[in-house]
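Enquirer: Need a 3D model of the following:
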Amino acid sequence: MIDELIARQIVRRLSNGPQRFSEIVPFCWGAFPSDVRRVLVDLVNQTTVLQRGEQFGIAPIPGTPLHGFGVRPSDEIARRYCEIVRDWPDPHQSNYEWRFTFEGARLLLDTVQSLCGSAARVCFMGCPTPFLFAALAGLSESILLLDNGTPTISYMRTVGFGAQVREHDLLLGLPSELSSGFDAVVMDPPWYPEYYANFLDASSRAVVKGGYVLSALFPPCTREAAADERATVLQAGFECGLSVVSLCQGVLRYDTPHFEANTLALSGVEPLPNWRQADLLVFVKTAEPGGLRPAVVRPSSWKEWILGKCVVKLRVTTERFDNCEILVPIRGQNALLPTVSRTCELIPHIGLWTSSNHAYRVNRPDLVGRILDLMSRGMNAAEVKLAIQMEFSQGSHEDQQSLCSAVDELFKATCFV
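Expert: Prediction:
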């Protein structure tokens, strides 16, 4: 019992950064220095604590893995990574989908291996780029990706990682067969407290006791309430049996997705590649998670099409509005959403939404769905118009014109050729 208390105090002390032995001892609640030394040596042997010279720490210095750990990307890994990312369907705003840069993915894997060793069993939750890096680095036998993005899961299967990916909504909790099956979890939830609470619950259930959970954490200026929400995230981790080990500010960067680049351009901001960043938050599991998971309001149901790299979502609804047009830009003459925030008041009225952040009201989801079906077969605009007009030949001239306009608008919005 005393050794556990000493170990806990050592981990807490080191969560503030690297420390010398003389700086650790006074923090251990009066434990005799030789006992502290013995427990500290045990923690080092377990790789719970890392040692570099006279200093001890929990997490490695970002970007500088300890000797013997860390993945050094070969030219072949980098080349293959770029090839796969180039053809990857675009992220979609409705999924709160941002992807780490190559360097961010590498940093996450380096940190996992520095903490747990190169043979660690790792579950990646909602963060496919570090999963991809790990798979290309030859770790595919000990990793798993859980993600609810159908385009991403489908694509990972096409590039050869089908056995290591699983489509799953973490808001439903962790599949029971995965409990305590991993040494570490790397997670990147949507940047809202209720999502973090669910992801942290699933992560805690997935790792063994003493295992690690690495999470991206949104910066304090993300929105007005972000500073308070960050505290809520830390509290949620505690309630899930997770103790904070370290917090490294601004070390994770994201590629700027197409939808965000378009929205920035709409506001007059020139393209800012990789501007978005997050802190790296590391937890260690010290106890089992508590009771029920928090409830999350589920988003509306969508059907998806992949047209080239563009992901198109059509809301499953029977809603009709008083307009003869089948497809109407969400902002009158402009279909581009002016924000990437979920608080945008236009979102509940979107019937069709593309990964370029173009959004429309939809009067006839059945017709629009049929147009998308034809486009997904590789037909050009003229072929789609001819086919759709033949199928709905009994419609009025105005209906026929509206169909043709919808086809033109969809081709423009998806940049699909």
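Enquirer: for stretch 36-51, which positions count as buried?
Expert: For stretch 36-51, a neighbour-count test (16 or more other Cβ atoms under 10 Å) marks 36, 39-40, 43, 47-51 as buried. Any C-beta I mention is one placed from the backbone N, CA and C, and that applies to glycine too.
Enquirer: CA atoms only: put it into CSV for me.
Expert: The C-alpha atoms that make up stretch 36-51 are tabulated as CSV, following Å, rounded to 0.1, in the frame of the first residue of the first chain:
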residue,chain,number,x,y,z
VAL,A,36,11.5,6.4,-2.7
ARG,A,37,14.6,5.3,-4.6
ARG,A,38,13.5,1.7,-4.6
VAL,A,39,10.0,2.5,-5.9
LEU,A,40,11.5,4.9,-8.5
VAL,A,41,13.8,2.2,-9.8
ASP,A,42,10.9,-0.2,-10.1
LEU,A,43,9.0,2.5,-12.1
VAL,A,44,11.9,2.9,-14.4
ASN,A,45,12.2,-0.8,-15.0
GLN,A,46,8.5,-0.9,-15.8
THR,A,47,9.1,2.0,-18.2
THR,A,48,6.4,3.9,-16.3
VAL,A,49,9.1,6.5,-15.6
LEU,A,50,11.9,7.4,-18.0
GLN,A,51,15.4,8.3,-17.0
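Enquirer: how far does that stretch sit from the chain's center?
Expert: Relative to its chain's centre, stretch 36-51 lies at 33 Å (Cα atoms, centre = their mean, to the nearest Å).
Enquirer: Report all helices and strands that the longest strand along the chain contacts.
Expert: Among the segments of the chain that qualify as a strand by DSSP state E, the longest is strand 242-255. Under the contact definition 3 or more Cβ pairs under 8 Å, 6 or more residues apart in numbering; DSSP states H and E, strand 242-255 sits against helix 2-14, strand 99-100, helix 102-116, helix 193-206, strand 207-217, helix 226-239, strand 277-285.
Enquirer: Other residues contacting stretch 159-171?
Expert: 84, 125-126, 131-132, 135, 140, 143-150, 153, 156-157, 175, 189, 195, 198-199, 202, 296, 298 (Cβ atoms under 8 Å, 6 or more residues apart in numbering).
Enquirer: ok, 7 Å please
Expert: With contact meaning Cβ atoms under 7 Å, 6 or more residues apart in numbering, stretch 159-171 is reached by 84, 125-126, 135, 140, 143-148, 150, 153, 156-157, 175, 198-199, 202, 296, 298.
Enquirer: what does stretch 223-232 give?
Expert: So stretch 223-232 is in contact with 193, 217-220, going by Cβ under 7 Å, 6+ apart.
Enquirer: Now do the domain split for this protein, please.
Expert: Using automatic domain parsing, the domain ranges for the chain come out as 2-57, 75-285, 302-414.
Enquirer: From one end of the longest one to the other, what's the distance?
Expert: Using Cα to Cα, to the nearest Å, the gap from the first to the last residue of domain 75-285 comes to 36 Å.
Enquirer: Equivalent analysis for the last one, please.
Expert: Using Cα to Cα, one end of domain 302-414 lies 17 Å from the other.
Enquirer: ok so, going back, can you redo the domains of the chain as a markdown table with distance to Gly291 and mean pLDDT?
Expert: Formatted as a markdown table, the domains of the chain follow (distance: least, Cβ to Cβ, whole Å; pLDDT from 0 to 100):
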| stretch | distance to Gly291 | mean pLDDT |
| --- | --- | --- |
| domain 2-57 | 23 | 80 |
| domain 75-285 | 9 | 92 |
| domain 302-414 | 27 | 87 |
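Enquirer: highest average neighbour count across those?
Expert: domain 75-285 (a mean of 19; mean count of other Cβ atoms under 10 Å).
Enquirer: My reading is that Cys123 lies in a strand. Confirm?
Expert: Yes: looking at Cys123 with DSSP: H, G, I helix; E, B strand; the rest coil, it is inside a strand.
Enquirer: what are the bridge partners for it, then?
Expert: Counting by DSSP bridges, Cys123 forms beta bridges with Leu144, Val185.
Enquirer: Longest helix in the chain, by number of residues?
Expert: In the chain, with assignment by DSSP state H, the single longest helix is helix 397-414.
Enquirer: next one: that one to chain centre, how far?
Expert: With Cα atoms, centre = their mean, you get 34 Å for helix 397-414.
Enquirer: Show residues contacting it.
Expert: With contacts defined as Cβ under 7 Å, 6+ apart, helix 397-414 is touched by 307, 310, 312, 324-327, 335, 354, 356, 358, 367-368, 371, 375, 381, 384-385, 388-389, 392.
Enquirer: among these, which are in helices?
Expert: 367-368, 371, 375, 381, 384-385, 388-389.
Enquirer: Turn the buried residues of stretch 36-51 into JSON lines, including secondary structure and distance to Leu171.
Expert: Converted to JSON lines, the buried residues of stretch 36-51 look like this (DSSP: H, G, I helix; E, B strand; the rest coil; distance: Cβ to Cβ, whole Å):
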{"residue": "Val36", "secondary structure": "helix", "distance to Leu171": "43"}
{"residue": "Val39", "secondary structure": "helix", "distance to Leu171": "39"}
{"residue": "Leu40", "secondary structure": "helix", "distance to Leu171": "40"}
{"residue": "Leu43", "secondary structure": "helix", "distance to Leu171": "35"}
{"residue": "Thr47", "secondary structure": "coil", "distance to Leu171": "33"}
{"residue": "Thr48", "secondary structure": "coil", "distance to Leu171": "31"}
{"residue": "Val49", "secondary structure": "coil", "distance to Leu171": "35"}
{"residue": "Leu50", "secondary structure": "strand", "distance to Leu171": "34"}
{"residue": "Gln51", "secondary structure": "strand", "distance to Leu171": "40"}
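Enquirer: Kindly reformat the residues you listed as a markdown table containing distance to Asp3.
Expert: Below are the buried residues of stretch 36-51 laid out as a markdown table (distance: Cβ to Cβ, whole Å):
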| residue | distance to Asp3 |
| --- | --- |
| Val36 | 10 |
| Val39 | 5 |
| Leu40 | 11 |
| Leu43 | 10 |
| Thr47 | 17 |
| Thr48 | 13 |
| Val49 | 14 |
| Leu50 | 19 |
| Gln51 | 19 |
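Enquirer: Which residues lie in contact with the spatially closest residue to Ala216 that is not a sequence neighbour in this structure?
Expert: Counting by Cβ to Cβ, 6 or more residues apart in numbering, Ala216 lies nearest to Ala278, which is 4.0 Å off, once chain neighbours are set aside. When contacts are counted by Cβ under 7 Å, 6+ apart, Ala278 touches 216-219, 252.
Enquirer: quick one: Ala278 and Gly104, what's the gap?
Expert: Ala278 sits at a distance of 8 Å from Gly104 (criterion: Cβ to Cβ, to the nearest Å).
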